[in-house]
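Q: sequence plus predicted model, see below.
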Amino acid sequence: MSLFSVMNIAGSALAAQTVRLNVTASNMANADSAASSLNSTYRARHPVFMPQFNESLDFDDAETVGVEVAGVVESDAALRREYQPGHPLADADGYIFLPNVNIVEEMANMISASRSYQTNVEIMEASKQMLARTLALGQ
């Protein structure tokens, strides 16, 4: 594996972690958004990652050449329902619906994505230094 491949893999991981950070930030921003019905309530979202394979090889012998975001799925966890009869969005029974966002879980996701992003930046920096040192050998 060449150092350029390492940079491509780390670059794809940076892009994937950027999506993860954005989705997590969106979840946290909407954690307390109230709605008047189940259908209009924000639902937590999570990115789905999948490996990228070298397409020139057979599937059985394929090597992983990165990661990609296959999509973003909504959580199927139960929504929260609170009794607040004075709330302007309360339904006829006095209930409002709140998202199924768990702030503690989202903070853990954000820390994990941030550290993964930082690790991949360090990998790219190390690869860059190795390439520079390799080029310097010829001088």
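A: Arrived safely. It should be emphasised that the depicted structure is a prediction, and the values quoted were computed from it without experimental measurement.
Q: can you confirm Val69 is in a strand?
A: Yes - counting by DSSP: H, G, I helix; E, B strand; the rest coil, one finds Val69 located in a strand.
Q: looking at it, it is touching Val48, isn't it?
A: Yes - here Val69 reaches Val48: they are 7.0 Å apart, a contact under CB atoms under 8 Å. To be clear about C-beta, it is placed using only N, CA and C from the backbone, and glycine gets the same treatment.
Q: neighbour count: those two, which is higher?
A: Between Val69 and Val48, counted using other CB atoms under 10 Å, the more crowded position is Val69 (17 against 10).
Q: quick one: residues contacting that one.
A: 15-16, 19, 47-49 (CB atoms under 8 Å, 6 or more residues apart in numbering).
Q: closest to Ile103 out of these?
A: Pro47 (18.2 Å; CB to CB).
Q: and the residue nearest the centre of this protein?
A: Arg20 (1.5 Å; CA atoms, centre = their mean).
Q: just list the residues touching that residue, thanks.
A: Counted by CB under 8 Å, 6+ apart, Arg20 has contacts 47, 109, 113.
Q: any chance of those residues in JSON lines, with pLDDT and neighbour count too?
A: Output for the contacts of Arg20, formatted as JSON lines (pLDDT from 0 to 100; neighbours: other CB atoms under 10 Å):
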{"residue": "Pro47", "pLDDT": "97", "neighbour count": "20"}
{"residue": "Asn109", "pLDDT": "96", "neighbour count": "19"}
{"residue": "Ala113", "pLDDT": "97", "neighbour count": "21"}
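Q: and the pLDDT for the residue nearest to the centre of the chain?
A: The score at Arg20 is 97. That number is its pLDDT.
Q: and the gap between it and Ser12?
A: 13 Å (CB to CB, to the nearest Å).
Q: which residue is the nearest non-sequential neighbour of Gln84?
A: Ile96 (5.3 Å; CB to CB, 6 or more residues apart in numbering).
Q: three-state assignment of that neighbour?
A: strand.
Q: that one touches Arg81, doesn't it?
A: Yes - the pair Ile96 / Arg81 is scored as a contact, 7.5 Å apart, by CB under 8 Å.
Q: and the two? Which one has more around it.
A: A direct count of neighbours by other CB under 10 Å for Ile96 and Arg81 places Ile96 higher, at 20 against 13.
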